[in-house]
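Participant: need a structure here:
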Amino acid sequence: MKKVFIIFAAVALAISCEGKDGGTLDWPWEQPEADTPGDQNPDIPSEPDPEDDKATLDKWIEVSSNYGELPKYIKVYRSPDMLKGKKSIAYITVADMASAQWDIWSINDPEMDGTQDAFKTPKKIYDAGNWPIVINAGFFYAEGGKNYPASLAVRESVALAYNINYASEDWIDIYYPTRAAFLENTEGVFDACWTYKTYDNHYMYTVPAPNTWEADPVKQPSATYPEDGKVFAAKTAIGGGPLLIDDGEFKDAYVEELFNGASGIGPDSNQPRTAIGVTADKKMVLFVCEGRQMTQGVRGLTTADVANVLLDLGCVEAINLDGGGSSCMLVNGQETIKVSDGSQRAVGSTIMLK
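Facilitator: Residues are numbered from 1 along each chain as shown. Next up, the predicted model:
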């Protein structure tokens, strides 16, 4: 098994490709075109605004019936016209996990060597299994004729992929980021945590390694660093980042997870976003929002915005997932938001609900 999972060089290569029609899949967080107004707003605050109106569930509009028959324990809602002071089009699925089941599809690359497994659109996953709800999930990329997952995926307690464990912007300073995961354990308890894959172990933490691009790298995570490390265990899990909410508290830990910078996901810019969370009474919330002005004036949200929306909805654990052109939610095979590529992007993993 490779000790490290090289990603940022591949990102730079992928951004230069032609995208979904060019033969090699581009990085899901491609930069918007320079002549697209309003997609990037770098000075948006990352802390909750107490004066902002809360988008509690009673302000969302249930639209389940628009998408055909759904199990009674799964409901779909459209957002109010404004979220966090921004014109928005967003959808959530709210599923009572006392009755609902969730599952993961992912390309299979636990050795971190790359795979010939094909990326798939959410529609292909729907067609294969007729899941009432399908959303895109973790990060991924293609390089050198192989496909790579960049986010954890665990299905039936078996790891199909891991979060990246190695990052650099100049290939001189090497960083070892702990990145977010959302999981359900074998006792049915949901949690958001930070993870790190070493050569021979996989750990989970209640705090992230305190990395930042503005400082020298901190040491490589282990069983004892950062604090409260333990061997990762889950029945089902999906990785991504940044972690948005932990124990009911706002986190948006994109600095520590190294999601900012030239090769990051633009956490402080308005973008299409995808996220997953859970409430204290075990309602799973799947979130997608439109962006990049696929609808005039709808530019998207920051990761802080998404964290605050999920807090408004009662989530106590939540993480951000892949966004941009990858953001997509299907309900009975029908799209909700307008995807910003103009058609569904083939992705490296999905989350399904029934």
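Participant: Just the element for the closest residue to Tyr225 other than its chain neighbours, please.
Facilitator: Computed as CB to CB, 6 or more residues apart in numbering, the closest residue to Tyr225 that is not its neighbour in sequence is Lys219, at 6.2 Å. Where you see a C-beta, it was placed from the backbone N, CA and C, and this is true even at glycine. Taking DSSP states H and E as the definition, one finds Lys219 inside no helix or strand.
Participant: since we're on Lys219, how many residues are nearby?
Facilitator: 9 (other CB atoms under 10 Å).
Participant: quick one: pLDDT of it?
Facilitator: Predicted confidence (pLDDT) for Lys219: 97.
Participant: Please report phi then psi for it.
Facilitator: phi -70, psi 160 (degrees, to the nearest 10).
Participant: Also Glu156?
Facilitator: phi 50, psi 40.
Participant: secondary structure element for Thr93?
Facilitator: strand 90-96.
Participant: Please tell me how far whichever helix or strand comes after that strand is from the chain's geometric centre.
Facilitator: Downstream of strand 90-96, the first helix or strand assigned by DSSP H and E is strand 102-106. On the basis of CA atoms, centre = their mean, to the nearest Å, strand 102-106 sits 13 Å off its chain's mean C-alpha point.
Participant: Look up how far Arg78 lies from the residue lying closest to Val288 once chain neighbours are set aside.
Facilitator: Excluding its sequence neighbours, the residue lying closest to Val288 (CB to CB, 6+ apart) is Met329, at 4.3 Å. Distance, Met329 to Arg78, by CB to CB, to the nearest Å: 11 Å.
Participant: Could you check how far the residue nearest to Val288 is from Leu311?
Facilitator: Met329 is 20 Å from Leu311, by CB to CB.
Participant: more crowded one of those two?
Facilitator: Met329 (25 against 21).
Participant: Is the more buried one bridged to anything, and to what?
Facilitator: Ile135 (DSSP bridges).
Participant: Name the residues that touch the strand or helix carrying Met352?
Facilitator: Using DSSP H and E, Met352 maps to strand 349-353. Outside strand 349-353, the residues that touch it by CB atoms under 8 Å, 6 or more residues apart in numbering are 74, 93, 95, 100-107, 120, 122, 125, 129, 131-138, 140, 149, 151, 153, 161, 238, 276, 284, 286, 321.
Participant: Among these, the buried ones, what's the ChimeraX command?
Facilitator: If you want just the buried ones from the contacts of strand 349-353 in ChimeraX, going by 16 or more other CB atoms under 10 Å, the selection is:
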select :74,93,95,100,102,104,105,106,107,120,122,125,131,132,133,134,135,136,137,138,140,149,151,153,161,238,276,284,286,321
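Participant: now the angle from the top helix by length along the chain to strand 90-96?
Facilitator: In the chain, assigned by DSSP state H, the helix with the most residues is helix 303-312. If you take axes from the mean of the first three to the mean of the last three CA atoms, to 10 degrees, helix 303-312 sits at 40 degrees to strand 90-96.
Participant: could you check the angle helix 303-312 makes with whichever helix or strand comes after helix 303-312?
Facilitator: Proceeding C-terminally, helix 303-312 gives way to strand 315-320 as the next helix or strand, assigned by DSSP H and E. Per the same axes, to 10 degrees, the angle that strand 315-320 makes with helix 303-312 is 150 degrees.
Participant: for strand 315-320, packing partners?
Facilitator: With contacts taken as 3 or more CB pairs under 8 Å, 6 or more residues apart in numbering; DSSP states H and E, strand 315-320 sits against strand 179-184, strand 190-197, strand 243-246, strand 273-279, helix 303-312.
Participant: Residues in contact with both of Met329 and Arg78, list them for me.
Facilitator: With CB under 8 Å, 6+ apart as the test, Met329 and Arg78 both reach 91, 336.
Participant: who's in contact with the residue of the chain most remote from its centre?
Facilitator: Centroid-distance maximum for the chain: Ile172 at 28.1 Å, with CA atoms, centre = their mean. Listed by CB under 8 Å, 6+ apart, the contact set of Ile172 is empty.
Participant: wouldn't Ala167 be in contact with Leu258 here?
Facilitator: Yes - contact criterion CB atoms under 8 Å: Ala167 and Leu258 qualify, at 5.3 Å.
Participant: For those two, list the residues in contact with both.
Facilitator: 175, 177.
Participant: burial measure for Asp228, as a count.
Facilitator: 11.
Participant: and stretch 256-263, C-alpha only, in PDB?
Facilitator: Provided in PDB are the C-alpha atoms of stretch 256-263 (Å, rounded to 0.1, in the frame of the first residue of the first chain):
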ATOM      1  CA  GLU A 256      -7.300  22.900   9.400                       C
ATOM      2  CA  GLU A 257      -8.400  20.600   6.700                       C
ATOM      3  CA  LEU A 258      -6.500  22.600   4.100                       C
ATOM      4  CA  PHE A 259      -9.500  23.200   1.900                       C
ATOM      5  CA  ASN A 260      -8.500  26.800   1.200                       C
ATOM      6  CA  GLY A 261      -5.700  28.000  -1.000                       C
ATOM      7  CA  ALA A 262      -5.100  27.800  -4.700                       C
ATOM      8  CA  SER A 263      -6.100  24.100  -5.000                       C
END
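Participant: And for it, what's in contact with it?
Facilitator: 8, 11-12, 167, 169, 175, 177-180, 194, 208-213, 241-243, 254, 264-265, 267-268, 303.
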